[in-house]
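Q: Attaching a predicted model along with its sequence, questions to come.
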Amino acid sequence: PVGAYLSSIVGIELSSLVSKRTPVDIILTPLVAVVVGGLFAKYCCAPINEWMMSLGAVIERATQLNPFIMGVVVSVMVGCILTLPISSAALCISIGISGLAAGAAVVGCCVQMLGFAVMSRKDNNIGMVISIGIGTSMLQMGNIIKNPKIAIPPIVASIIVGPLATCLFKLEMNGAAVSSGMGTCGLVGPI
């Protein structure tokens, strides 16, 4: 995902250099975007992927060496990323997370989603609460921007539950890395 994203950015940025400069822009601009983005992907995605996977290996090894601290770090970080308008699932795929670290990641995601769902029960109908709980906590992003304090309880819950998952329950996710970044979305993470 990171290589694909960077390939798109490079293609778009370089195609903007030729945009509106020739009479055949309608052909030349997309052609430059596709060719440049494709060449970047062909020659740069493998090293980017290798680097991302090595980052995942470092996270996994650090979680094995210090499950308490890394349980907190991974749970909070991946949980917060899940709530932001970026993809925690893509992050987990990119770094190829598995094992104990992936267990902490899924717990952090679940805590964020269920935390925001429960917190919103007084302000939302049951359909919205369920949408947040087993859909996405990103629905709360506007509220978090208006009042950042509402993010504190799910983060504190992640701080508590992350080390419980890694130290006490030794929760591991050894399936597809995407599951560790899904949380309770469609119940993919827990299942």
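A: Perfect, I can see it now. Numbering: from 1, shown residues only.

Q: For the residue lying farthest from the centre of the chain, give its distance to Thr29.
A: Here the chain reaches farthest from its C-alpha mean at Pro23, the gap being 41.8 Å by C-alpha atoms, centre = their mean. Noted for Pro23: a distance of 12 Å to Thr29, by C-beta to C-beta, to the nearest Å. All C-beta spots, glycine's among them, are computed from the backbone N, C-alpha and C.

Q: Could you point out which residue ranges in the protein have low pLDDT?
A: Within the chain, no stretch has pLDDT under 70.

Q: circling back: next, the residue farthest from the centre of the chain: secondary structure please.
A: Here Pro23 is recorded as coil under DSSP: H, G, I helix; E, B strand; the rest coil.

Q: just Leu171 next, same as before
A: Assignment for Leu171 (three-state DSSP): coil.

Q: what sits against it?
A: Applying C-beta atoms under 8 Å, 6 or more residues apart in numbering, we find Leu171 in contact with 100, 103-104, 106-107, 165.

Q: who wins for neighbours among those residues?
A: Ala104 (36 neighbours; other C-beta atoms under 10 Å).

Q: Excluding chain neighbours, give the residue nearest to it in space.
A: Spatial nearest neighbour of Ala104, excluding adjacent residues (C-beta to C-beta, 6 or more residues apart in numbering): Val74 at 4.0 Å.

Q: which SSE is the one you found in?
A: Per DSSP states H and E: Val74 is located in helix 67-83.

Q: What residues of that helix count as buried?
A: By neighbour count on 16 or more other C-beta atoms under 10 Å, the buried set for helix 67-83 is 67, 70-83.

Q: which residues are in contact with that helix?
A: Contacts for helix 67-83 (C-beta under 8 Å, 6+ apart): 59, 62-63, 87-88, 91-92, 100-101, 104-105, 107-109, 111-113, 116, 136-138, 140-141, 144, 151, 154-155, 158-159, 161-167, 180-181, 183.

Q: Return a selection command, for use in ChimeraX, containing the buried ones of these.
A: Those of the contacts of helix 67-83 that count as buried under 16+ other C-beta under 10 Å are selected in ChimeraX with:
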select :59,62,63,87,88,91,92,100,101,104,105,107,108,109,111,112,113,116,136,137,138,140,144,151,154,155,158,159,161,162,163,165,166,180,181,183
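
Q: Next step: the contacts of helix 67-83 restricted to helices.
A: Counting by DSSP state H, the part of these found in helices is 59, 62-63, 88, 91-92, 100-101, 104-105, 107-109, 111-113, 116, 141, 144, 154-155, 158-159, 161-163, 180.

Q: And the residue nearest to the spatial centre of the chain, how far from Leu164?
A: Centroid-nearest residue in the chain, with C-alpha atoms, centre = their mean: Ser88, separated by 1.1 Å. Between Ser88 and Leu164 the distance is 20 Å, computed by C-beta to C-beta.
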